[in-house]
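Enquirer: I'd like to go over a predicted model; first the sequence, then the structure.
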Amino acid sequence: MEHKLFEIVDQPINIEELRHKVERREAGAITTFVGTVREFTGEKKTLYLEYQAYQSMAEKMLEQIGHEIKKKWPEAQVAITHRVGRLEIMDAAVVIAVSAPHRKTAYEANEYAIERIKEIVPIWKKEFWDDGTQWIGNQLETINYPEGKPIEKGEF
Amino acid sequence: MEHKLFEIVDQPINIEELRHKVERREAGAITTFVGTVREFTGEKKTLYLEYQAYQSMAEKMLEQIGHEIKKKWPEAQVAITHRVGRLEIMDAAVVIAVSAPHRKTAYEANEYAIERIKEIVPIWKKEFWDDGTQWIGNQLETINYPEGKPIEKGEF
Amino acid sequence: MIKVLFFAGIREALGIDQLELELEGIQTVRQLKEQILKEHQLPTLKQSMTAINESFVTDQEEIKEGDTVAFIPPVSGG
Amino acid sequence: MIKVLFFAGIREALGIDQLELELEGIQTVRQLKEQILKEHQLPTLKQSMTAINESFVTDQEEIKEGDTVAFIPPVSGG
């Protein structure tokens, strides 16, 4: 493989490059999702963030998400990069690019990817505010892991 | 306004620039949709395409879609560029960029935009194949315009 | 005088992209369409929407002096 | 010997990112967690998932010599 489709990096993400990874003559639609550092969450003003990853496992889990997508949408091609380290407001923390012959698949597979990232990829965010810091837990808040194991999707 | 958010152009679309038009500190998610020229539709091999637009009205209709989105998702910021003229395989015909505080809005508003483009924006595609050419009609094939007027969404 | 704009298949069939004409008894979009269909074989015109001054209108819409009327075949952008 | 990895809040609370230890009577993930909780105040450990050799496992999973065990607090990537 010329380039890694699923990557954890500690440098700014090249969004163009992500899109080029999934471009092909069969595609009629390419979606990208860029998760950026937002300044305000409610009233709370974020100064900057720090992301930490269990890198080798995180890349493996991103690949698993790729397999899940291939199974659900065989025509989709996906690439995901997540950044770690210190990130400033407006920096891209994660970029997901999906190409597909038709647009519906490109949207659905892309949204599926970000939802799964928030469920199974071992990456953690620490918020830095004026008045303190905090490691952020599961933001989905809706997930219950019986016996500490995440819900399996498909056969992976 | 520094830059046009809704544009018909006859040159390659700068996708980065579209994304920059919607970037802001309040955004936590930016989605882009790139509609590209696909080589095959079923068995039929496209050599290239030509897009024609009723330019002034097309830009006005893109702006209308922007208003519709503002009404449905007040926190979304959207930019759309559609290209006309001759396009080769893999060229970007349309690019939609949406930023929003939260990802759900960024996906939904983006998909809404492309669906509406295919309904109300006066742009036409001519396919060039090995064995002929054809102006392509309504690809949605599901829409019925009573009395030749498109369905109005919202109050626009 | 009104201006009439043609696009895509209609433009190709007619070989012109616009024309100017006197209203002379034409009051509505429907009448204008009928007038054009009398002179040209244009099946796509029937499926077309119509815009007056860049806004979609119905076949019942009145055409006024100075208007720009555009026939909009089913669109295929995106 | 097994290797144990800590992340995020757990890493910060313990002040170390990994340690190596002898299994000595520890057979399952549950027993390892209990062992660690005997020595440290780590409320987040209870909410954590566990991975052995980079795959998620349950608390019942057996730990074998040479394994790498990682505690995965609720994730917040994206």
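Expert: On my side now, so go ahead.

Enquirer: Name the secondary structure element that contains the residue positioned nearest the centre of chain C.
Expert: Taking CA atoms, centre = their mean, the centroid of chain C lies closest to residue C:71, which sits 3.9 Å from it. Using DSSP states H and E, residue C:71 sits in strand C:68-72.

Enquirer: Residue A:50 looks like it's in a strand, true?
Expert: Yes: under DSSP: H, G, I helix; E, B strand; the rest coil, residue A:50 falls within a strand.

Enquirer: Quick check: it touching residue A:126?
Expert: Yes: with contacts counted by CB atoms under 8 Å, residue A:50 reaches residue A:126, the gap being 4.4 Å. Using the backbone N, CA and C atoms, a C-beta is placed for each residue, glycine as well.

Enquirer: count of neighbours near residue C:66?
Expert: Neighbour count for residue C:66, taken as other CB atoms under 10 Å in any protein chain shown: 10.

Enquirer: Spit out the contact partners of it.
Expert: C:1-2 (CB atoms under 8 Å, 6 or more residues apart in numbering or on different chains).

Enquirer: What pLDDT is listed against it?
Expert: We have a pLDDT of 97 for residue C:66.

Enquirer: for residue A:151, same thing?
Expert: 51.

Enquirer: again with residue A:66
Expert: 98.

Enquirer: Angles on the backbone of it, please.
Expert: Dihedral pair for residue A:66: phi -60, psi -40, per degrees, to the nearest 10.

Enquirer: Please give the number of neighbouring residues around the closest residue in space to it that isn't next to it in sequence.
Expert: Distances taken as CB to CB, 6 or more residues apart in numbering or on different chains place residue A:78 nearest to residue A:66, at 5.4 Å, with adjacent residues excluded. By other CB under 10 Å, the residues close to residue A:78 number 28.

Enquirer: And the contacts of the host helix or strand of residue A:78?
Expert: In the assignment (DSSP H and E), residue A:78 maps to strand A:77-83. For strand A:77-83, contacts defined as CB under 8 Å, 6+ apart pick out A:5-13, A:18, A:21-22, A:24, A:27, A:51, A:53, A:58, A:62, A:65-66, A:69-70, A:91-100, A:109-110, A:113, A:117, A:121, A:123, D:77-78.

Enquirer: And those residues, which of them are buried?
Expert: Taking 16 or more other CB atoms under 10 Å in any protein chain shown as the criterion, what is buried in the contacts of strand A:77-83 is A:5-8, A:13, A:18, A:21-22, A:27, A:51, A:53, A:58, A:62, A:65-66, A:69, A:91-100, A:109-110, A:113, A:117, A:121, A:123, D:77-78.

Enquirer: so where do the strands sit in chain A?
Expert: Ranges of strands in chain A, per DSSP state E, are A:6-9, A:29-36, A:40-41, A:44-53, A:77-83, A:85-88, A:92-100, A:123-129, A:132-136.

Enquirer: Which neighbouring elements make contact with the fourth one?
Expert: This means strand A:44-53. With contacts taken as 3 or more CB pairs under 8 Å, 6 or more residues apart in numbering or on different chains; DSSP states H and E, strand A:44-53 sits against strand A:77-83, strand A:85-88, strand A:123-129.

Enquirer: can you put those strands in TSV and add distance to residue C:10 and mean pLDDT?
Expert: What follows is the helices and strands packed on strand A:44-53, written out as TSV (distance: least, CB to CB, whole Å; pLDDT from 0 to 100):
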stretch	distance to residue C:10	mean pLDDT
strand A:77-83	38	98
strand A:85-88	53	98
strand A:123-129	55	97
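
Enquirer: Ends of stretch A:114-125, what's the gap?
Expert: Distance across stretch A:114-125, first residue to last, is 15 Å (CA to CA, to the nearest Å).

Enquirer: what's the answer for stretch A:12-30, then?
Expert: 21 Å.

Enquirer: Now tell me what touches the helix or strand containing residue C:38 from outside.
Expert: Using DSSP H and E, residue C:38 maps to helix C:29-39. Helix C:29-39 is contacted by residues C:4, C:25-26, C:42, C:45-46, C:50, C:52, C:57-61, C:63, C:69, C:71 when judged by CB under 8 Å, 6+ apart.

Enquirer: pull the helix or strand with minimum mean pLDDT from the chain.
Expert: Let's take chain A. When each helix and strand of chain A is scored by mean pLDDT, DSSP states H and E, strand A:40-41 comes last, with a mean of 90.

Enquirer: that's the wrong chain, I wanted chain C
Expert: Per mean pLDDT, DSSP H and E, helix C:43-47 ranks last in chain C, at a mean of 88.

Enquirer: just checking, next helix/strand downstream of that helix?
Expert: Using DSSP H and E, the helix or strand that follows helix C:43-47 in sequence is strand C:49-52.

Enquirer: strand partners of the next helix-or-strand element following that next one, parallel vs antiparallel please.
Expert: The C-terminal neighbour of strand C:49-52 among helices and strands, as given by DSSP H and E, is strand C:55-57. Strand pairing for strand C:55-57, using DSSP bridges, gives strand C:49-52 (antiparallel).

Enquirer: Only alpha carbons, please: show the strand it pairs with as PDB.
Expert: Extracted C-alpha coordinates of strand C:49-52, given in PDB (Å, rounded to 0.1, in the frame of the first residue of the first chain):
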ATOM      1  CA  MET C  49     -40.600  24.400 -15.600                       C
ATOM      2  CA  THR C  50     -40.800  28.100 -16.300                       C
ATOM      3  CA  ALA C  51     -39.000  31.000 -14.600                       C
ATOM      4  CA  ILE C  52     -39.900  34.700 -15.000                       C
END
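
Enquirer: Just the mean pLDDT for that strand, thanks.
Expert: Across strand C:49-52, the average pLDDT comes to 98.

Enquirer: ok, and what's touching that strand?
Expert: Outside strand C:49-52, the residues within contact range by CB under 8 Å, 6+ apart are B:54, B:57, B:122, B:145, B:148-150, C:29, C:33, C:56-59, C:61, C:63, C:67-72.

Enquirer: Now which of these would you call buried?
Expert: B:54, B:57, B:122, B:145, B:148-150, C:29, C:33, C:56-57, C:59, C:61, C:63, C:67-72.

Enquirer: All set now, cheers.
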